[in-house]
Structures are given as C-alpha cells and as structure tokens.
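A.B. asks: Just need the structure, nothing else, for what follows:
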Amino acid sequence: MQTMMQTEAPARESFLPFALPLIGEEEIAEVVDTLRSGWVTTGPKVKRFESEFRAYSDASNALAVNSCTAGLHTALTALGIGAGDEVILPTLTFCATANVVVHLGARPVLVDVGSDFQIDPAAIEAAITPRTRAIMPVHYAGQACDLDAIYALASRHNLAVIEDAAHAVGTTYHGAKIGSDRLSVEYPDLRRATAFSFYANKNMTTGEGGMITAADEELAQEMRVLSLHGMSKDAWKRYTNAGSWFYEVVSAGYKNNMTDIAAALGIHQLRRLSGFIQVRRQIARMYDNAFAGLDVVETPITHSDRNHVYHLYAIRLNLDLLKIDRAEFIEQLKAMKIGASVHFIPVHLHPFYGEHFGYGRGDLPRAEAIYDSILSLPLFPSMSRQDVDDVINAVHHIASTYRR
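C.D. replies: Just a heads-up that it's a prediction; the model follows:
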C-alpha cells in the first residue's frame, strides 16, 4: 500500500498520542459482570484467563500476575537467584528488567546489543563467570531475539533462562509462539520461564498485569505459591464452597497475583490479539514503504525466521545528515501534534547503576549509539489512515527541513 508523501507539515486539530489501548464492548461487559459477581480479586476469571493463555501460547503452565515486573521477580525467586549471583541481561531495556535482579541482592550484568537492537549472544558468552546463574534476554519491540544461541549457551553453562517478553505476546520464533514449551524441546533440562506484560500500551492490555509461562511443573508450582504470599496450593479457593479456611505459608512469598477485574479485560483482549497484530503489521508496512527511500531514517531490522508483532516501531535517525539531534526531532514532531517516545535509555546510563555497579558511558557502545539516534513512532490499532499519513508526512517534513 503506497502512501502519498508531502513536504508540508501536517495540520492536525488534535494531538496524536504515542499509544492508546483499544477496549471493546465485550471487555466492558465482562468487567461489569465481574463487579456484579462480587468476586473482584483472584478468582474464577483469572483461572479462565490463565487457561486460555496457556492454550494460546502452547505452554504447559500459565500464571497470571499483576505485572511483567512481578513475573520476572517471581521467576527469579523460584529459581533461587539471590545474593552473590549474577544475571546477564541487555542494557537496552526498561529498568524493571534489571531492578528485579537488584531486589534479590544479585548483580545485573549488563551487555550490549546487536544492530537489530536484540541482546548479542557473543556478549552474553563473554560475560559468563562462575557466579552467573541466569540469562534474562529481552524480546525487543515485538521480535524474538536469537533463542537458539541463548538456549545453547544456557545449556552448556547450566544456566536458567528467564525471558522478558513484555513486548512479545503473539511473537513467534521458528513458528512457535514465545512462551511455548516447544521452543526449548531440544534442551529438556533447561530451567526456563517467560514473563509477558499487559500494561496499558502493550499489544493487549489488562490495565496493569502480566503472565508467566513455564514447561517445568515444579517451577510453575513454586511460582504459583510465591505469587500469593507463599500460601499453600489453591489458597485462593478458601472463600468458595470448594475451599477451606485452613492454609499454610510454605515460603516468604509476595503479593503478585492478578485480580478478576484485570482478567476480565484480558480474556477478550486475548481473543482480539491476532486482529490487533494484523493491524500493527499493516501500519508497520506503510511506514516501511514510506521511509524506504529516506536516507535520514533507518527502519526496523526484521528476521525471516521469526515474526514481528510491532509493539514498537523504532526508527534510527542518521544524525550525520541532520542539523538537529534526536531530542529536537521529537520536539518538532510534538509541534506538529505527533507523539513519540524513546525505547530505551540504556540501563547502564542511569545514575543508580553507575553509582552502585560502576557502569558509565563508553561501556556498551552499540547500545549507546542506538540510544542517541533512536525514536519510536505512534503505532496502535485504532490509528486511522489519516493518523498514519500524518506521522509519515511529519517525518518527511522534518527530514527535508533540517537536512544538512
């Protein structure tokens, strides 16, 4: 589909936000039904959502939690990660990925990424020490990282893998969905969990919320107990006619459970996910076509052995060809009522990680170069054709106005 380009700035009446959720009448009705049922915390709708997500992702186990952050934290805890341990993860991610490692007293070992913005397997291998206990790859923007290489490294060094799939619900790798048991079938002894996000700007949303999948039954059961105060199995049923008032606390767990209100949204968002992804991919193709001949912009790198669900459409600016930097480019978009964002400020550049772990600029140069030139354009299912054209025209207008 070709989009007509123009060099004049688009004249929008209203601001186009970077992201908006798409909530339908089915979700609203399900939430109302939940409120009227009197069961608003973890209950039957959470169990239904877990069951449907388990089937969707082709996973043996699915555990609903209150955020992807909680999912990562629960998985790390269940795997016994703690003081003195090291966990390897990419620096080009949101701070939550690293923060959960710090919360457990372990050291986040930040490594560089490749030109596709995904964690570099060679950098992972170079960072492994006798203290390394786990690898935490991030499926950046909605495309899978190189799982074959990562699983092979983890198996060789007896490391766990906790996948941060905050961007990757619906993403596939070699035909299998992220979170599927099938992805690591060649490594039956690999301890692995995958955490998803349903935050408001994700490809499907429960407002706040997340899910953890795992093939390992023992690991899944440990995560389930940890997610609700460390209480014994099926403690959530104690207020039903099938439950009992009696429970035992078998570990020092957390308050990481999902509510039925959130799950009510998730049940219908999951059913609409394939449609959401289809629209996102269509918009991404329009962007790709429109920017193909624009040397100021580099469009996302894609791989033929995996799909891309475009949680983000992250472009790189060729700053050598521009009179302005990335920050001013975003300001110019904003002046034309187009929202944009940056994903992400590398973790090693944040003050906390410099002060506590000694990181600083110059340590991970590929991620730093990406960060200095990257920006994410609006992409969400309720965008109109005019919205997409306005974004395209704004980018072309800025590129031509401020070209060296």
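
A.B. asks: Please, where are all the strands along the stretch 201-350 of the chain?
C.D. replies: Counting by DSSP state E, counting those that start in this stretch, the segments of the stretch 201-350 of the chain that form strands are 210-214, 297-298, 313-317.

A.B. asks: Deepest in the core, which of the ones you listed is it.
C.D. replies: Mean neighbour count (mean count of other Cβ atoms under 10 Å) peaks for strand 210-214 among the strands of the stretch 201-350 of the chain, with a mean of 29. The C-beta positions use only the backbone N, C-alpha and C, and glycine is treated the same way.

A.B. asks: The residue nearest to residue 249 when sequence neighbours are not counted - how many residues pack around it?
C.D. replies: Of all residues not flanking residue 249 in the chain, residue 230 sits nearest, at 4.9 Å (Cβ to Cβ, 6 or more residues apart in numbering). By the measure other Cβ atoms under 10 Å, the count of residues near residue 230 is 16.

A.B. asks: quick one: contacts for residue 230?
C.D. replies: 249, 250, 251, 252, 253, 254 (Cβ atoms under 8 Å, 6 or more residues apart in numbering).

A.B. asks: Which secondary structure elements does the lengthiest helix in the chain sit against?
C.D. replies: In the chain, with assignment by DSSP state H, the single longest helix is helix 260-291. The contact analysis (3 or more Cβ pairs under 8 Å, 6 or more residues apart in numbering; DSSP states H and E) places helix 260-291 against helix 25-37, helix 44-57, strand 61-65, strand 313-317, helix 385-401.

A.B. asks: in the last one, what's buried?
C.D. replies: The reference is to helix 385-401. For helix 385-401, burial by neighbour count (16 or more other Cβ atoms under 10 Å) applies to 387-399.

A.B. asks: what residues does it touch?
C.D. replies: Contacts of helix 385-401 (Cβ under 8 Å, 6+ apart): 3-10, 12, 16, 283, 286-287, 290-291, 294, 296-297, 322, 324, 329, 332-333, 336, 338, 377-378.

A.B. asks: Any quick PyMOL command for the buried ones out of those residues?
C.D. replies: Buried subset of the contacts of helix 385-401, written as a PyMOL selection, criterion 16+ other Cβ under 10 Å:
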select buried, resi 3+5+9+10+16+283+286+287+290+291+294+296+297+322+324+329+332+333+336+338+377+378
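
A.B. asks: In this protein, which residue is most central in space?
C.D. replies: Residue closest to the average C-alpha location in the chain (Cα atoms, centre = their mean): residue 166, at 1.9 Å.

A.B. asks: Touching, it and residue 100? I think so.
C.D. replies: No: between residue 166 and residue 100 there is no contact under Cβ atoms under 8 Å: 11.9 Å.

A.B. asks: what's the burial count for residue 356?
C.D. replies: 11.

A.B. asks: ditto for residue 225
C.D. replies: 20.

A.B. asks: okay, stretch 115-122 in CSV with CA atoms only?
C.D. replies: Written as CSV, here are the backbone C-alpha positions of stretch 115-122 (Å, rounded to 0.1, in the frame of the first residue of the first chain):
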residue,chain,number,x,y,z
SER,A,115,22.2,-3.9,15.1
ASP,A,116,18.7,-5.4,15.4
PHE,A,117,18.5,-4.0,19.0
GLN,A,118,18.4,-7.6,20.4
ILE,A,119,20.8,-8.9,23.0
ASP,A,120,24.1,-10.1,21.4
PRO,A,121,24.8,-13.8,22.1
ALA,A,122,28.5,-13.2,21.8
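
A.B. asks: quick one: contacts of it?
C.D. replies: Against stretch 115-122 from outside (Cβ under 8 Å, 6+ apart): 89-90, 92, 111-114, 137-141, 143-146, 149-150, 153, 300-301, 303, 314, 366, 370, 374.
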